[in-house]
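In: after the sequence you'll find the predicted model.
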Amino acid sequence: MTKPLITPGDYAGLYGDIVGVVESARRMAARSVNAVTTATYWEIGRRIVASEQGGQARAGYGQALIARLAGDLTRRFGRGFGKATLASMRAFYLAWPASEIFQTTSGKSAPSENVQTPSGKLPPGKSDVDVKATAPDYMALATRFTLPWPAYVRLLAVKTVVARAFYETEALREDVPPVLAVWSEVKVHTDGHVVYKKALYSVPFTLVSKQLWLKATDTVVQAFHRHELVAIYPRLRKPGDRHTVRDHQPPEAQAWLEHDPQWCLARAKDIGPACHAVSRCR
């Protein structure tokens, strides 16, 4: 009896399906690992903050605590637990406090908590966290922190809660593929341009002297004001180069740009024959 042979077309379809399943599972596994890692760092920050509350009366306690932890954890686990990284974990917890996280993950409001502020000062009351009360549920926390850890480190540079939530939501959008981007806060110069990497990009003149956020990828620079996109350009590479949109300029500047040679000659003629003759020679 001859064995039935699968046709090339059927095999190709089966093979393609299996490859898709494996690649999808690997992507999900990578995202899960990233999320659990981020949740772990949040928990470390929570415990550092709770310990600092016990030593708040001592000057420099927090810095000394982080320095000692950095040395001991690095000897135990290797790279990834330096002073700067531990300080970021502490700041991470303060930016995403337990009251916000547990409300998000459970759908219910957490009990009122006293949380240490980013300035290092503590409000009156007991510590916001009893680190020995319960073991952390990393999988539950991971459902809240779905971005990779470097993304949250960048978000720490955003100082206001509303702006940080907006940029986190933008990063979580699934209708566009993930793109590595750098966010920076800039001030609009009096000429109506902002500067990124020594290149200049125009924005509406009504925003002169205001603070904007720039989102820069390898190919595109976007300018946001109060969460609204106000300008987008191909990224420039050469210092001193500029993108200028005429509509971004004030009306008087736009009118001046429309002064062509014929307009200049007409104005010179109005001034007098000698001025007109000189203008024609040039």
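Out: That came through, no problem.
In: CA atoms for contacts and neighbours, from now on please.
Out: Fine.
In: pLDDT (mean, whole number) over stretch 235-255?
Out: In this model, stretch 235-255 has an average pLDDT of 88.
In: chain center to the helix or strand containing W263, what's the gap?
Out: If you go by DSSP states H and E, W263 is part of helix 261-271. In terms of CA atoms, centre = their mean, to the nearest Å, the centre of helix 261-271 is set 52 Å apart from its chain centre.
In: list the buried residues in that helix.
Out: Buried residues in helix 261-271, counting neighbours by 16 or more other CA atoms under 10 Å, are found at 265, 268-269.
In: same thing with stretch 273-280?
Out: Neighbour-count burial for stretch 273-280 flags 276, 279 (criterion: 16+ other CA under 10 Å).
In: wait, P234 sits on T219?
Out: Yes - taking CA atoms under 8 Å as the definition, P234 is a contact partner of T219 at 5.8 Å.
In: the more surrounded of those two?
Out: Neighbour count, other CA atoms under 10 Å: between P234 and T219, P234 has more, with 14 against 11.
In: separation between that one and P204?
Out: 17 Å (CA to CA, to the nearest Å).
In: now T206: phi and psi?
Out: phi -70, psi -10 (degrees, to the nearest 10).
In: what's the helix or strand following the helix holding W263 packed up against?
Out: Using DSSP H and E, the helix or strand that follows helix 261-271 in sequence is helix 273-281. In this structure, helix 273-281 makes packing contacts with helix 261-271, judged by 3 or more CA pairs under 8 Å, 6 or more residues apart in numbering; DSSP states H and E.
In: who touches the helix it packs on?
Out: 275-276, 279-280 (CA atoms under 8 Å, 6 or more residues apart in numbering).
In: stretch 239-248 now?
Out: 192-193, 197-205, 233, 236, 254.
In: next one: stretch 186-201
Out: For stretch 186-201, contacts defined as CA under 8 Å, 6+ apart pick out 202-205, 207-214, 233, 236-244, 248-249.
In: same thing but at 10 Å, please
Out: 184-185, 202-216, 221-223, 231-245, 248-250 (CA atoms under 10 Å, 6 or more residues apart in numbering).
In: which among those end up buried?
Out: Buried among those by 16+ other CA under 10 Å: 202-205, 207-209, 211-216, 221-223, 231-233, 235-236, 242-243, 248-249.
In: out of these, which sit inside strands?
Out: Mapping the buried ones among the contacts of stretch 186-201 onto strands (DSSP state E) picks out 202, 211-216, 221-223, 231-233, 242-243.
In: which single one of those is nearest to L5?
Out: Lowest distance from L5 to those (CA to CA) belongs to A216, with 54.1 Å.
In: tell me who's in contact with the closest one.
Out: 180-184, 196-197, 222-223, 232-235.
In: between the contacts of helix 261-271, which sits nearest T40?
Out: Ranked by distance to T40 (CA to CA), the contacts of helix 261-271 are led by S279 at 73.6 Å.
In: need the contacts of A216 in a markdown table (columns: distance to R47).
Out: Output for the contacts of A216, formatted as a markdown table (distance: CA to CA, whole Å):
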| residue | distance to R47 |
| --- | --- |
| L180 | 30 |
| A181 | 30 |
| V182 | 29 |
| W183 | 29 |
| S184 | 30 |
| Y196 | 38 |
| K197 | 38 |
| Q222 | 38 |
| A223 | 37 |
| I232 | 42 |
| Y233 | 43 |
| P234 | 44 |
| R235 | 42 |
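In: and the least confident of the residues you listed?
Out: Among those, L180 has the lowest pLDDT, at 71.
In: residues near it, how many?
Out: 11.
In: mind checking the SS state of it?
Out: Per DSSP: H, G, I helix; E, B strand; the rest coil, the secondary structure class of L180 is coil.
In: what stretches of this protein score poorly on pLDDT?
Out: 1-4, 31, 54-59, 102-136, 138, 173-179, 257, 281-282 (pLDDT under 70).
In: how far off centre is the longest helix along it?
Out: Secondary structure of the chain per DSSP state H: the longest helix is helix 8-54. Centroid displacement of helix 8-54 relative to its chain, using CA atoms, centre = their mean, is 21 Å.
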